[in-house]
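Trainee: Task: produce atomic coordinates for the following.
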Amino acid sequence: MKILAGLGNPGRKHVLNRHNLGFLVVEAWTLLKGEEFRKQEFHSDVARVKVGSEEVLVLRPLTYMNRSGEAVGEAMRFYKVAIEDVIVVHDELDIPPKSFRIKKGGGHAGHNGLRSLAPLGENYTRIRMGIGRPLHPEMQVPDYVLGNLDKAELEFWEQEMPNVCEAIDLCLAGKTEQAMNKFHRKSAD
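Mentor: Alright, predicted model coming up:
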């Protein structure tokens, strides 16, 4: 079994926040596989997706971003899933907007959702959805990440979502290097 976790915040007011790109991605991936989030367990909305012979437990933690590790950790312990078999999709300030990157392992770089995962280990795969930093220096980072994606960002991610989903498929198949080689490119701007 593998775990695919999208990080975000639950609730209507957060649906299109930059901080919720992880939720948007795992929802799109799940729908493309013909499944949906059918129940709640592990403090998460949960979907189960069969990919070849592999079962993938898809989580949208309901613990809010800063406590995502509680939900992911509970599912890992229940199913005895190693950290190496976890893929986390999250927004990333240090990646240009309208681009995404794949990374295996590493620290949290100040991201509170990733910080909450640190006690579980660091050797998981990350699908890092670029949101860039606030354009105006006076804008605080929390206001920026909790702000909604603008029209151009939404249109870009709608077009790019099949590529992000393909990258997830490659990572689930153990082809993380191949995904990096294929999808690491300059942003659309």
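Trainee: G6 is in contact with V26, correct?
Mentor: Yes: between V26 and G6 there is a contact under Cβ atoms under 8 Å: 3.3 Å. (C-beta placed from N, C-alpha, C; glycine too.)
Trainee: intersection of neighbour lists for these two?
Mentor: Listed as contacting both V26 and G6 by Cβ atoms under 8 Å, 6 or more residues apart in numbering are V58, L59, R60, V89.
Trainee: who's in contact with the second one?
Mentor: Translated: L59. Contacts of L59 (Cβ under 8 Å, 6+ apart): I3, L4, A5, G6, V26, F42, S44, D45, V46, A71, V72, A75.
Trainee: which residues touch the helix or strand containing the second one?
Mentor: Under the criterion of DSSP states H and E, L4 resides in strand 2-6. If you take Cβ under 8 Å, 6+ apart as the criterion, strand 2-6 is touched by 22-27, 29, 44, 49, 54-61, 68, 71-72, 75-76, 79, 81, 85-90, 168, 172.
Trainee: hang on, the earlier thing: could I get the shared contacts of V26 and G6 as a markdown table with secondary structure?
Mentor: Formatted as a markdown table, the shared contacts of V26 and G6 follow (DSSP: H, G, I helix; E, B strand; the rest coil):
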| residue | secondary structure |
| --- | --- |
| V58 | strand |
| L59 | strand |
| R60 | strand |
| V89 | strand |
